[in-house]
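**Q** can't give you the sequence, but here's the structure:
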């Protein structure tokens, strides 16, 4: 990551964006996902990333409004992305969010 940031800063020192293509443009969602898939060695979708991110934040005890803001959801739809997880289900049954770790 440091090598990438150093290279990006040398090539595009006036650009504030973290991720840029070789020609200095902001990558599209599909461009970014294809490269992540190649780096990880398996296929996944943007929905997988949203679900994984929302689930991880919920497991860490992140406040619901923060999860909603990070995922840029304008409603409570983010709750559909949180995967069923035994720890989250147990916390829900007992009426309290999971503790931040």
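**A** Received, thanks. The model shown is predicted, which means the values in this text are computed figures rather than measured ones. Residues are numbered from 1 along each chain as shown.
**Q** list the buried ones in the helix ranked longest in the chain?
**A** Identified as the longest helix of the chain according to DSSP state H is helix 46-59. Buried positions in helix 46-59, judged by neighbour count with 16 or more other C-beta atoms under 10 Å: 50-51, 53-55, 57-59. No exception for glycine: its C-beta is placed from N, CA and C like everyone else's.
**Q** tell me the helices and strands packed up against that helix.
**A** helix 29-40, helix 64-70, helix 86-93 (3 or more C-beta pairs under 8 Å, 6 or more residues apart in numbering; DSSP states H and E).
**Q** any idea which of those helices is most buried?
**A** Mean neighbours per residue, mean count of other C-beta atoms under 10 Å, is largest over the helices and strands packed on helix 46-59 for helix 64-70, with a mean of 14.
**Q** quick one: residues in contact with it.
**A** When contacts are taken as C-beta atoms under 8 Å, 6 or more residues apart in numbering, the neighbours of helix 64-70 outside the stretch itself are 53-54, 57-58, 62, 75-76, 78-79.
**Q** dump the helices and strands packed on helix 46-59 to JSON lines, plus distance to residue 46 and mean pLDDT.
**A** Converted to JSON lines, these look like this (distance: least, C-beta to C-beta, whole Å; pLDDT from 0 to 100):
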{"stretch": "helix 29-40", "distance to residue 46": "6", "mean pLDDT": "87"}
{"stretch": "helix 64-70", "distance to residue 46": "15", "mean pLDDT": "90"}
{"stretch": "helix 86-93", "distance to residue 46": "22", "mean pLDDT": "58"}
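**Q** now do the same for the nearest residue to residue 5 once chain neighbours are set aside: its pLDDT.
**A** For residue 5, ignoring the flanking residues on the chain, the nearest one in space by C-beta to C-beta, 6 or more residues apart in numbering is residue 18 at 7.8 Å. According to the per-residue confidence, residue 18 scores 87 in pLDDT.
**Q** again with residue 97
**A** At residue 97, the predicted lDDT confidence score is 54.
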